[in-house]
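> I would like to see how this sequence folds:
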Amino acid sequence: MQSTLSLPKLTVGIALFVLTGFPLVAYLWETLNQLMGGEVRPARLALSVPAALLLAGVLVVLSRTVRRWEAERARQVHASEGHSGS
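From the prediction side, this is the model:
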């Protein structure tokens, strides 16, 4: 049985989530910073709503992906323990 969970796969997956999520977090952070500073820009606020929804979607996909990685890792450990115990 070939291993489906590898370090390169994990690295690429994590990099994709960081590259997708970081600009969204930065944009929302700056929007919040401006609001707290008393600077209200309606256009920026209008863009923040879809950005926040997109970030929420990325986080949901991230959590499901990490759970899948954990399950794959547990299967790999269980399979290797079964083979070494024989």
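> all contacts plus neighbour counts: C-alpha atoms, from now on.
OK.
> any regions of the chain where pLDDT drops low?
1-3, 83-86 (pLDDT under 70).
> closest to the centroid, which residue in it?
L62 (3.6 Å; Cα atoms, centre = their mean).
> show the contacting residues for that residue.
F17 (Cα atoms under 8 Å, 6 or more residues apart in numbering).
> so it, which of the three states?
helix (DSSP: H, G, I helix; E, B strand; the rest coil).
> for T20, see how far away it is.
To T20, L62 is 11 Å away according to Cα to Cα, to the nearest Å.
> check E81 too.
37 Å.
> out of those two, which sits in the more crowded spot?
Using other Cα atoms under 10 Å, the more surrounded residue of E81 and T20 is T20, with 14 against 11.
> state the helix or strand in which that one lies.
Using DSSP states H and E, T20 sits in helix 7-36.
> quick check: which helices or strands does that helix pack against?
helix 42-84 (3 or more Cα pairs under 8 Å, 6 or more residues apart in numbering; DSSP states H and E).
> so the helix it packs on versus helix 7-36, what angle?
Here the directions of helix 42-84 and helix 7-36 differ by 150 degrees (axes from the mean of the first three to the mean of the last three Cα atoms, to 10 degrees).
> now helix 42-84, how far from the chain's geometric center?
5 Å (Cα atoms, centre = their mean, to the nearest Å).
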